[in-house]
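**Student:** Please work out how this folds:
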Amino acid sequence: MASLYVAAGLSFGRPAESLKARRMVAVRAESINPDIRKSEEKVVDSVIVTDLAKPVTAYCRCWRSGTFPLCDGSHVKHNKASGDNVGPLLLKAK
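**Tutor:** Take a look at the predicted model:
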């Protein structure tokens, strides 16, 4: 209950630093790709870029990644829960 008060900015006489503030986000399992290439199992696009530090960099397109804007694979869980087929955008070094 105390974390709820901190999240709302209320500490009720206690220093807010002493309470662990937790960020809570409710995410519904809704499709975020209503009609793009729905016949494919997973929509993944690749772009060739000349100046990249890594050979491949994956960017999130499901908005569920804990490392946003980079992809952490959260689309797999999202796709199973929603029936969606969204995948990352891959930037590949030339």
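**Student:** Give the rounded mean pLDDT of the lengthiest helix in the chain.
**Tutor:** Scanning the chain for the longest helix, with DSSP state H as the assignment, gives helix 74-82. Predicted confidence along helix 74-82 averages 94 (mean pLDDT).
**Student:** In PDB, list the C-alpha atoms belonging to it.
**Tutor:** Output of helix 74-82 as PDB, limited to C-alpha atoms (Å, rounded to 0.1, in the frame of the first residue of the first chain):
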ATOM      1  CA  SER A  74       9.300  -9.100 -25.500                       C
ATOM      2  CA  HIS A  75       7.300  -9.400 -28.800                       C
ATOM      3  CA  VAL A  76       7.400 -13.200 -28.400                       C
ATOM      4  CA  LYS A  77       5.200 -13.000 -25.300                       C
ATOM      5  CA  HIS A  78       3.100 -10.200 -26.800                       C
ATOM      6  CA  ASN A  79       2.500 -12.200 -29.900                       C
ATOM      7  CA  LYS A  80       1.400 -15.300 -27.900                       C
ATOM      8  CA  ALA A  81      -1.000 -13.300 -25.800                       C
ATOM      9  CA  SER A  82      -2.600 -11.300 -28.500                       C
END
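**Student:** how distant is it from the center of its chain?
**Tutor:** Relative to its parent chain, helix 74-82 has a centroid offset of 11 Å by Cα atoms, centre = their mean, to the nearest Å.
**Student:** Need the contact partners of it.
**Tutor:** Taking contacts as Cβ atoms under 8 Å, 6 or more residues apart in numbering, the residues outside helix 74-82 that touch it are 29-32, 42, 60-62, 64-66, 84-88. For glycine as for every other residue, the C-beta is placed from the backbone atoms N, C-alpha and C.
**Student:** Got a ChimeraX select line for the buried ones in these?
**Tutor:** Paste this into ChimeraX to select the buried members of the contacts of helix 74-82, with burial taken from 16 or more other Cβ atoms under 10 Å:
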select :60,61,62,64,65,84,85,86,87,88
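**Student:** of all the contacts of helix 74-82, which comes closest to Leu52?
**Tutor:** Pro88 (14.8 Å; Cβ to Cβ).
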